[in-house]
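**Q** show me how the following folds:
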Amino acid sequence: MHPTELEKQLSFLREIDRLKTVVRQSPLLDRSRKENSAEHSWHLATYALVLSDYADGAVDTARVMKMLLLHDIVEVDVGDHPIHGGTSSAWQAEQESRAAARLFGLLPPSQRDELLALWTEFEQALTEDAMFAKALDRFQPLLVNIFTDGGTWAEQGVSMEQVLSRYGPVIQRGAPRLWALSEQWVRAHFSKQDAKRQGLQPG
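**A** Numbering: from 1, shown residues only. Next up is the predicted model:
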(Lines give C-alpha, C1' and ligand atoms only; values in the text may rest on other atoms or scores of the structure.)
Protein backbone atom coordinates (compact mmCIF):
# COMPACT_ATOMS: atom_id res chain seq x y z
CA MET A 1 0.00 0.00 0.00
CA HIS A 2 1.13 3.53 -0.72
CA PRO A 3 1.59 5.73 2.35
CA THR A 4 -1.18 8.21 2.99
CA GLU A 5 -0.61 11.96 2.98
CA LEU A 6 -0.63 12.01 6.78
CA GLU A 7 1.86 9.14 6.96
CA LYS A 8 4.22 11.07 4.67
CA GLN A 9 3.88 14.22 6.76
CA LEU A 10 4.56 12.35 9.99
CA SER A 11 7.53 10.61 8.41
CA PHE A 12 9.01 14.01 7.57
CA LEU A 13 8.34 15.35 11.05
CA ARG A 14 9.98 12.32 12.65
CA GLU A 15 13.01 12.64 10.39
CA ILE A 16 13.65 16.29 11.16
CA ASP A 17 13.65 15.51 14.89
CA ARG A 18 17.28 14.61 14.21
CA LEU A 19 18.05 18.32 13.75
CA LYS A 20 17.98 18.57 17.55
CA THR A 21 21.11 16.41 17.66
CA VAL A 22 23.18 18.59 15.27
CA VAL A 23 25.46 20.62 17.53
CA ARG A 24 26.64 23.97 16.20
CA GLN A 25 29.83 25.83 17.09
CA SER A 26 27.99 28.77 18.66
CA PRO A 27 27.48 28.66 22.42
CA LEU A 28 24.35 29.62 24.27
CA LEU A 29 24.59 33.12 25.70
CA ASP A 30 25.07 31.68 29.19
CA ARG A 31 27.98 29.63 27.77
CA SER A 32 26.66 26.46 29.42
CA ARG A 33 26.84 24.46 26.17
CA LYS A 34 26.73 24.74 22.38
CA GLU A 35 23.40 25.35 20.70
CA ASN A 36 21.88 22.83 18.31
CA SER A 37 20.55 23.55 14.84
CA ALA A 38 16.90 23.18 15.82
CA GLU A 39 17.34 25.81 18.54
CA HIS A 40 19.16 28.06 16.08
CA SER A 41 16.31 27.80 13.56
CA TRP A 42 13.64 28.56 16.16
CA HIS A 43 15.60 31.53 17.46
CA LEU A 44 16.10 32.94 13.97
CA ALA A 45 12.38 32.68 13.23
CA THR A 46 11.79 34.70 16.40
CA TYR A 47 14.38 37.26 15.25
CA ALA A 48 12.35 37.67 12.05
CA LEU A 49 9.16 38.16 14.02
CA VAL A 50 10.69 40.80 16.28
CA LEU A 51 13.09 42.58 13.89
CA SER A 52 11.16 42.68 10.60
CA ASP A 53 11.09 46.50 10.67
CA TYR A 54 14.87 46.43 10.12
CA ALA A 55 14.64 44.72 6.73
CA ASP A 56 15.89 46.72 3.76
CA GLY A 57 12.53 47.01 2.06
CA ALA A 58 9.13 45.42 2.50
CA VAL A 59 9.22 41.78 3.56
CA ASP A 60 6.57 39.16 4.28
CA THR A 61 7.47 38.29 7.85
CA ALA A 62 5.60 34.97 7.76
CA ARG A 63 7.53 33.86 4.67
CA VAL A 64 10.83 34.90 6.24
CA MET A 65 9.98 32.90 9.35
CA LYS A 66 9.16 29.86 7.23
CA MET A 67 12.49 30.12 5.42
CA LEU A 68 14.37 30.35 8.69
CA LEU A 69 12.56 27.37 10.19
CA LEU A 70 13.50 25.36 7.09
CA HIS A 71 16.91 26.71 6.12
CA ASP A 72 19.06 24.30 8.14
CA ILE A 73 16.93 21.15 7.83
CA VAL A 74 19.53 19.81 5.40
CA GLU A 75 21.93 19.54 8.34
CA VAL A 76 20.05 16.38 9.32
CA ASP A 77 22.09 14.76 6.53
CA VAL A 78 25.19 16.94 6.15
CA GLY A 79 25.77 18.42 9.61
CA ASP A 80 26.73 21.99 10.43
CA HIS A 81 29.46 23.75 8.45
CA PRO A 82 30.35 27.00 10.22
CA ILE A 83 31.24 30.10 8.23
CA HIS A 84 34.84 29.93 9.43
CA GLY A 85 35.19 26.18 8.92
CA GLY A 86 36.94 26.25 5.55
CA THR A 87 34.54 23.85 3.81
CA SER A 88 34.37 24.05 0.01
CA SER A 89 31.25 26.05 -0.83
CA ALA A 90 30.65 24.07 -4.03
CA TRP A 91 30.88 20.74 -2.21
CA GLN A 92 28.63 21.99 0.57
CA ALA A 93 26.03 23.29 -1.89
CA GLU A 94 25.93 19.95 -3.70
CA GLN A 95 25.55 17.97 -0.47
CA GLU A 96 22.87 20.28 0.86
CA SER A 97 20.92 20.16 -2.40
CA ARG A 98 20.84 16.36 -2.24
CA ALA A 99 19.75 16.50 1.38
CA ALA A 100 16.96 18.96 0.58
CA ALA A 101 15.65 16.70 -2.19
CA ARG A 102 15.62 13.69 0.12
CA LEU A 103 14.13 15.37 3.16
CA PHE A 104 11.45 17.46 1.47
CA GLY A 105 10.79 14.46 -0.76
CA LEU A 106 9.32 12.68 2.26
CA LEU A 107 6.34 15.05 2.10
CA PRO A 108 3.28 14.88 -0.14
CA PRO A 109 4.05 16.49 -3.53
CA SER A 110 2.33 19.83 -2.93
CA GLN A 111 4.09 20.43 0.38
CA ARG A 112 7.35 19.06 -0.99
CA ASP A 113 7.33 21.59 -3.81
CA GLU A 114 6.30 24.51 -1.59
CA LEU A 115 8.90 23.92 1.12
CA LEU A 116 11.69 23.03 -1.28
CA ALA A 117 10.97 26.26 -3.17
CA LEU A 118 11.25 28.26 0.07
CA TRP A 119 14.54 26.53 0.95
CA THR A 120 15.90 27.22 -2.55
CA GLU A 121 14.80 30.86 -2.40
CA PHE A 122 16.70 31.27 0.86
CA GLU A 123 19.83 29.70 -0.60
CA GLN A 124 19.76 31.89 -3.72
CA ALA A 125 19.04 35.05 -1.67
CA LEU A 126 17.67 37.05 -4.61
CA THR A 127 14.35 38.21 -3.13
CA GLU A 128 13.89 40.76 -0.36
CA ASP A 129 12.46 38.05 1.92
CA ALA A 130 15.46 35.79 1.35
CA MET A 131 18.01 38.59 1.69
CA PHE A 132 16.54 39.54 5.06
CA ALA A 133 16.47 35.91 6.16
CA LYS A 134 20.13 35.54 5.17
CA ALA A 135 21.00 38.73 7.03
CA LEU A 136 19.44 37.38 10.22
CA ASP A 137 21.27 34.07 9.75
CA ARG A 138 24.53 36.05 9.93
CA PHE A 139 23.37 38.54 12.57
CA GLN A 140 22.36 35.98 15.22
CA PRO A 141 25.73 34.20 15.50
CA LEU A 142 27.51 37.57 15.33
CA LEU A 143 25.45 38.75 18.29
CA VAL A 144 26.24 35.51 20.15
CA ASN A 145 29.98 35.94 19.56
CA ILE A 146 29.89 39.54 20.76
CA PHE A 147 27.99 38.71 23.94
CA THR A 148 30.14 35.67 24.79
CA ASP A 149 33.40 37.63 24.64
CA GLY A 150 34.37 36.36 21.24
CA GLY A 151 32.77 32.91 21.25
CA THR A 152 33.81 30.97 18.17
CA TRP A 153 35.94 33.85 16.89
CA ALA A 154 38.22 33.50 19.89
CA GLU A 155 38.27 29.69 19.62
CA GLN A 156 39.21 29.75 15.94
CA GLY A 157 41.49 32.81 15.87
CA VAL A 158 39.22 34.80 13.58
CA SER A 159 40.37 38.36 12.84
CA MET A 160 38.32 41.53 12.68
CA GLU A 161 38.91 41.71 8.93
CA GLN A 162 37.51 38.20 8.49
CA VAL A 163 34.43 39.06 10.53
CA LEU A 164 33.79 42.26 8.58
CA SER A 165 34.19 40.55 5.20
CA ARG A 166 32.23 37.38 5.99
CA TYR A 167 29.32 38.90 7.90
CA GLY A 168 29.21 42.44 6.57
CA PRO A 169 28.02 42.11 2.96
CA VAL A 170 25.20 39.69 3.80
CA ILE A 171 23.86 41.67 6.75
CA GLN A 172 24.33 45.00 4.96
CA ARG A 173 22.40 43.75 1.95
CA GLY A 174 19.35 42.55 3.86
CA ALA A 175 19.34 44.69 7.01
CA PRO A 176 21.68 47.70 6.76
CA ARG A 177 20.66 49.19 10.10
CA LEU A 178 21.50 45.93 11.84
CA TRP A 179 24.88 45.97 10.11
CA ALA A 180 25.56 49.52 11.32
CA LEU A 181 25.08 48.30 14.88
CA SER A 182 26.99 45.08 14.23
CA GLU A 183 30.00 46.90 12.83
CA GLN A 184 30.17 49.07 15.95
CA TRP A 185 30.07 45.93 18.11
CA VAL A 186 32.76 44.19 16.06
CA ARG A 187 35.19 47.10 16.08
CA ALA A 188 34.70 47.67 19.81
CA HIS A 189 35.18 43.96 20.54
CA PHE A 190 38.45 43.65 18.64
CA SER A 191 39.71 46.95 20.01
CA LYS A 192 39.12 45.58 23.51
CA GLN A 193 40.90 42.32 22.62
CA ASP A 194 43.89 44.25 21.25
CA ALA A 195 44.07 46.28 24.44
CA LYS A 196 44.04 43.10 26.53
CA ARG A 197 46.89 41.59 24.51
CA GLN A 198 48.93 44.74 24.93
CA GLY A 199 48.30 44.76 28.67
CA LEU A 200 46.45 48.06 28.58
CA GLN A 201 43.44 46.77 30.48
CA PRO A 202 42.63 43.84 32.76
CA GLY A 203 41.12 40.66 31.32
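
**Q** run the chain-centre distance for the host helix or strand of F122.
**A** Assigned by DSSP states H and E, F122 falls within helix 109-124. Averaging C-alpha positions (Cα atoms, centre = their mean, to the nearest Å) puts helix 109-124 17 Å from its chain's average.

**Q** what's the answer for stretch 123-139, then?
**A** Here stretch 123-139 is found 10 Å from its chain centre; the criterion is Cα atoms, centre = their mean.

**Q** pull up the per-residue confidence for the spatially most central residue of the chain.
**A** What sits nearest the mean C-alpha location of the chain, by Cα atoms, centre = their mean, is D137, with 3.4 Å. Looking at D137, its pLDDT reads 97.

**Q** where in the protein is pLDDT low?
**A** 1, 83-87, 200-203 (pLDDT under 70).

**Q** could you pick out the longest helix of it?
**A** Across the chain, the helix with the greatest residue count (assigned by DSSP state H) is helix 176-197.

**Q** show me which residues of it are buried.
**A** L178, W179, S182, E183, V186, H189, F190, Q193 (16 or more other Cβ atoms under 10 Å). C-beta here means a position set from N, CA and C on the backbone, and glycine is covered the same way.

**Q** show me what contacts the fourth one?
**A** When the contact criterion is Cβ atoms under 8 Å, 6 or more residues apart in numbering, the partners of E183 are L164, G168.

**Q** for the longest strand along the chain, packing partners?
**A** The single longest strand within the chain, with elements called by DSSP state E, is strand 23-27. Contacting strand 23-27 under the criterion 3 or more Cβ pairs under 8 Å, 6 or more residues apart in numbering; DSSP states H and E are the following elements: strand 34-36, helix 37-51, helix 128-146, helix 151-156.

**Q** make it 6 Å
**A** The contact analysis (3 or more Cβ pairs under 6 Å, 6 or more residues apart in numbering; DSSP states H and E) places strand 23-27 against strand 34-36.

**Q** which residues are contacting the strand it packs on?
**A** Strand 34-36 has contacts (Cβ atoms under 6 Å, 6 or more residues apart in numbering) with K20, V22, V23, R24, S26, P27, L28.

**Q** hmm, back to that, how much space separates the closest residue to the residue nearest to the centre of the chain other than its chain neighbours from H2?
**A** Leaving aside its chain neighbours, D137 sits nearest to L44 (6.2 Å; criterion: Cβ to Cβ, 6 or more residues apart in numbering). Relative to H2, L44 is positioned 35 Å away (Cβ to Cβ, to the nearest Å).

**Q** more neighbours, the two?
**A** Counted by other Cβ atoms under 10 Å, L44 and H2 do not tie: L44 has more neighbours, with 23 against 5.

**Q** who's in contact with the more buried one?
**A** For L44, the contact set (Cβ under 6 Å, 6+ apart) comprises L68, L136, Q140.

**Q** repeat that for 7 Å
**A** L68, L136, D137, Q140 (Cβ atoms under 7 Å, 6 or more residues apart in numbering).

**Q** with distance to A117 added, can I get those residues in JSON lines?
**A** Output for the contacts of L44, formatted as JSON lines (distance: Cβ to Cβ, whole Å):
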{"residue": "L68", "distance to A117": "15"}
{"residue": "L136", "distance to A117": "20"}
{"residue": "D137", "distance to A117": "18"}
{"residue": "Q140", "distance to A117": "24"}
